[in-house]
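Undergrad: Predicted model follows, preceded by the sequence.
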Amino acid sequence: MEVISSTPIVAPPVVPIIPVKKKKKSPLIAVIHSEGCTGCEVCIEFCPVDCIYKAPGPENLDGSQINVNGICVVDEEVCIGCKLCAKYCPWDVIDMLKREEEVLS
């Protein structure tokens, strides 16, 4: 029998698995009222978690934008309910509403 290595094989150290607690979502969520949103993007600038994005405006039949500004939309899964967007919206079209309870299946 041929010896390939004189170094003993050692298993890597065992690292305990620490369960990660699921972060609780804020009880509040930002809601932007589309009829008043001008697409000025102030809310986007103040959002610390980048959960607000610009939705494209509706299109003409030729594919060009009717409302070139579009409106701002909140990603509910990312929103932390910090209220900064509502505080700084110059048009006062952002409300903080109670987040709907998630139904477990």
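TA: Perfect, I can see it now.

Undergrad: check contacts around the residue nearest the centre of the chain.
TA: The chain has residue 78 as the residue nearest its centroid, 2.6 Å off, counting by CA atoms, centre = their mean. Neighbour list for residue 78: 49-51 [criterion: CB atoms under 8 Å, 6 or more residues apart in numbering]. No exception for glycine: its C-beta is placed from N, CA and C like everyone else's.

Undergrad: Distance to residue 13 and neighbour count added to these, as JSON lines?
TA: Below are the contacts of residue 78 laid out as JSON lines (distance: CB to CB, whole Å; neighbours: other CB atoms under 10 Å):
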{"residue": "49", "distance to residue 13": "36", "neighbour count": "11"}
{"residue": "50", "distance to residue 13": "38", "neighbour count": "9"}
{"residue": "51", "distance to residue 13": "39", "neighbour count": "20"}
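
Undergrad: Provide a list of residues in contact with residue 54.
TA: By CB under 8 Å, 6+ apart, the contact set of residue 54 is 39, 41, 44, 70-73.

Undergrad: and if you look at residue 70?
TA: Counted by CB under 8 Å, 6+ apart, residue 70 has contacts 39, 54-57.

Undergrad: That one and residue 96, how far apart?
TA: Plainly put, residue 70 is 22 Å away from residue 96 if you go by CB to CB, to the nearest Å.

Undergrad: Over to residue 43?
TA: Residue 43 is 12 Å from residue 96, by CB to CB.

Undergrad: just residue 49 next, same as before
TA: From residue 49 to residue 96 the distance is 15 Å (CB to CB).

Undergrad: Repeat that for residue 27.
TA: In this view, residue 27 and residue 96 are 10 Å apart by CB to CB.

Undergrad: Comparing those two, which shows the higher neighbour count?
TA: Neighbour totals were compared for residue 27 and residue 96, and residue 96 leads with 18 against 11 (other CB atoms under 10 Å).

Undergrad: Kindly state the beta-bridge partners for that one.
TA: For residue 96, the beta-bridge partners are residue 30 (DSSP bridges).

Undergrad: okay, it: pLDDT?
TA: Per-residue pLDDT puts residue 96 at 98.

Undergrad: Hmm, it is touching residue 84, no?
TA: No: checked against CB atoms under 8 Å, the pair residue 96 and residue 84 is beyond contact range at 10.4 Å.
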